[in-house]
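>>> I'd like to go over a predicted model; first the sequence, then the structure.
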Amino acid sequence: MSLPPLVAPAAQLSREEINRYSRHLLIPNVGTVGQRRLKNARVLVIGAGGLGSPTLLYLAAAGVGTIGIIDFDRVDDSNLQRQVIHGVDTVGELKVESARRAIARLNPFVEVETFTDRLERDTAVDLFSRFDLILDGTDNFATRYLVNDACVLADKPYVWGSIFRFEGQVSVFWEKAPNGRGLNYRDLYPEPPPPEMAPSCSEGGVFGILCASIGAIMATEAVKLIAGIGKPLLGRLVAYDALEMRYRELPIRRLPDREPLTQLAADYQAFCNLGAPAADTASLPSITAIQLKTLMDRQAMPVLIDVREATEWDIVRIPGSTLMPKSPTLVRTLLEQYGRDADLVVSCKSGRRSAEVVSELQRLGMRNARNLEDGVLAWIRDIDPSLPSY
């Protein structure tokens, strides 16, 4: 079932706009009126990264009149494998500025509004209220729940997309959709998963081209909602497996016992269990990369265990380290292999996974186990900048 158009038509298209959008105008479902709706639309895209990049380009090409972009990050070399709106010449720039200039090159008829602050609970509802539609391609659960709840309170529909390695998901949520069809993200995920079960793309990786596949679906849903055409993904989730080249569709139903949402959560980091590990990490025995290098130079090298995945190990490693990927049995294996009194340093990419291992080792009595602060990235930053990063 289609939904009514989100946006009223703008004034007549100019001659230049008719030339530009002529292939849309020839489609009966879109036509001149549909294109005028796109011209009048205000769409906010959260994140100018993997999913935001293709989504922004296609929304701009389609003729969405005003596009908002919120992202506090800067373009990095590691982004260019998938974030196609950016280029080598914009590395180091704010992503919103890089994206704004790319959109201007593509379509001068589109107005771009940029926001360089983090999306925060104190400003989210007010920001969303200024747009007709929200698109969320963020890569962490705390922000996803904030986006969902703010959309509910602002009475805004939103298109949600998610990617990891070779798999992606897309759906549409709108709590106050017409005809009692309202759903929100909490109907799909009532509770966030444990942090260790939800690694980010920077930890687990992502197949670059997957971003185009999922981003294109997100942009498609946005255009359909704005123009009021087709059957949107409200109440349906599309799951895509790029390795198998297979799409699956799963129904989403409103949870029967879900309480109405009347206010934002006090702390979305805490809600997603992301606050506690940081506090625990601060109290753990640790060692810096500089201190570790000093021990190496003195021939007092501790046992250095790297708990990353083999794919990460193949990219870069600290000399003298031993690869033992994090697993449910790793802590017991370390205890049996090295004993309770071993001088052990545990490392990972950034120090988060290794901190979890050290915390468990401490609990089992290995008091000499230490966490490498900021992980392999700290070694690259402080000891050997010639090494590749990721």
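Yep, it's here.
>>> quick one: pLDDT of the nearest residue to Pro4 once chain neighbours are set aside?
Across the structure, with C-beta to C-beta, 6 or more residues apart in numbering as the measure, the residue nearest Pro4 apart from its sequence neighbours is Gly228 (5.3 Å). Yep, even glycine has a C-beta here, placed from its N, CA and C like the rest. Note for Gly228: predicted pLDDT of 97.
>>> For the helix or strand in which Lys39 is found, name the packing helices and strands.
If you go by DSSP states H and E, Lys39 is part of helix 31-40. Helices and strands touching helix 31-40, as assessed by 3 or more C-beta pairs under 8 Å, 6 or more residues apart in numbering; DSSP states H and E, comprise helix 22-25, helix 208-227.
>>> Return the distance of the longest one from the chain's centre.
The chain centroid and the centroid of helix 208-227 are separated by 15 Å, computed with C-alpha atoms, centre = their mean, to the nearest Å.
>>> what angle do it and helix 31-40 make?
Taking axes from the mean of the first three to the mean of the last three C-alpha atoms, to 10 degrees, one finds helix 208-227 and helix 31-40 inclined to each other by 110 degrees.
>>> Show me what counts as buried in helix 208-227.
210-227 (16 or more other C-beta atoms under 10 Å).
>>> hey, where'd the strands end up in the stretch 201-350 of the chain?
236-241, 246-251, 286-287, 303-306, 322-323, 344-347 (DSSP state E, counting those that start in this stretch).
>>> Direction included, what does the last one pair up with?
According to DSSP bridges, strand 344-347 has the following sheet partners: strand 303-306 (parallel), strand 369-372 (parallel).
>>> Mind pulling up the pLDDT for Glu196?
Looking at Glu196, the pLDDT reads 66.
>>> no no, Ala276
46.
>>> Need the contact partners of stretch 295-302.
For stretch 295-302, the external contacting residues (C-beta atoms under 8 Å, 6 or more residues apart in numbering) are Leu292, Pro319, Gly320, Asp343, Leu344, Val345, Arg370.
>>> In CSV, list the C-alpha atoms belonging to it.
This file holds the C-alpha atoms of stretch 295-302, laid out as CSV (Å, rounded to 0.1, in the frame of the first residue of the first chain):
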residue,chain,number,x,y,z
LEU,A,295,60.9,-2.5,27.4
MET,A,296,61.8,-3.9,24.0
ASP,A,297,64.9,-1.8,23.8
ARG,A,298,66.0,-3.0,27.2
GLN,A,299,65.5,-6.6,26.2
ALA,A,300,62.7,-6.9,28.7
MET,A,301,59.9,-7.7,26.3
PRO,A,302,56.8,-9.0,27.9
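>>> The stretch 251-390 of the chain: helices as residue ranges?
268-271, 276-283, 289-297, 310-315, 330-338, 352-363, 375-382 (DSSP state H, counting those that start in this stretch).
>>> Would you indicate which residues of the fifth one are buried?
Neighbour counts over helix 330-338 (16+ other C-beta under 10 Å) mark Leu330, Val331, Leu334, Leu335, Tyr338 as buried.
>>> Give the rounded mean pLDDT of that helix.
95.
>>> on contacts alone, who are the packing partners of it?
Checking 3+ C-beta pairs under 8 Å, 6+ apart, helix 330-338 ends up next to helix 352-363.
>>> Could you pull out the buried residues of the helix it packs on?
Result for helix 352-363 [16+ other C-beta under 10 Å]: buried residues Arg352, Arg353, Ser354, Ala355, Glu356, Val357, Val358, Ser359, Glu360, Leu361, Gln362.
>>> OK, contacts around the nearest residue to Gln12 once chain neighbours are set aside?
Of all residues not flanking Gln12 in the chain, Arg36 sits nearest, at 7.4 Å (C-beta to C-beta, 6+ apart). The contact partners of Arg36, taken as C-beta under 8 Å, 6+ apart, are Pro9, Ala10, Ala11, Gln12, Leu13.
>>> Drop anything exposed from the residues you listed.
Buried among the contacts of Arg36 by 16+ other C-beta under 10 Å: Pro9, Ala10, Leu13.
>>> who touches the first one in this structure?
Going by C-beta under 8 Å, 6+ apart, Pro9 touches Val33, Arg36, Arg37, Lys39, Asn40.
>>> before we move on, what SS does it have?
Secondary structure assignment for Pro9 (DSSP: H, G, I helix; E, B strand; the rest coil): coil.
>>> could you check the distance from the closest residue to it other than its chain neighbours over to Leu57?
Spatial nearest neighbour of Pro9, excluding adjacent residues (C-beta to C-beta, 6+ apart): Arg36 at 3.7 Å. Remark: distance between Arg36 and Leu57 (C-beta to C-beta, to the nearest Å) = 21 Å.
>>> cool, and Val345?
For Val345, the distance to Leu57 - C-beta to C-beta - is 45 Å.
>>> Tell me which of these two has more neighbours.
Val345 (25 against 21; other C-beta atoms under 10 Å).
>>> Run through the bridge partners of the more buried one.
Where Val345 sits in a bridge, its partners, by DSSP bridges, are Leu304, Arg370.
>>> Appreciated, that's everything.
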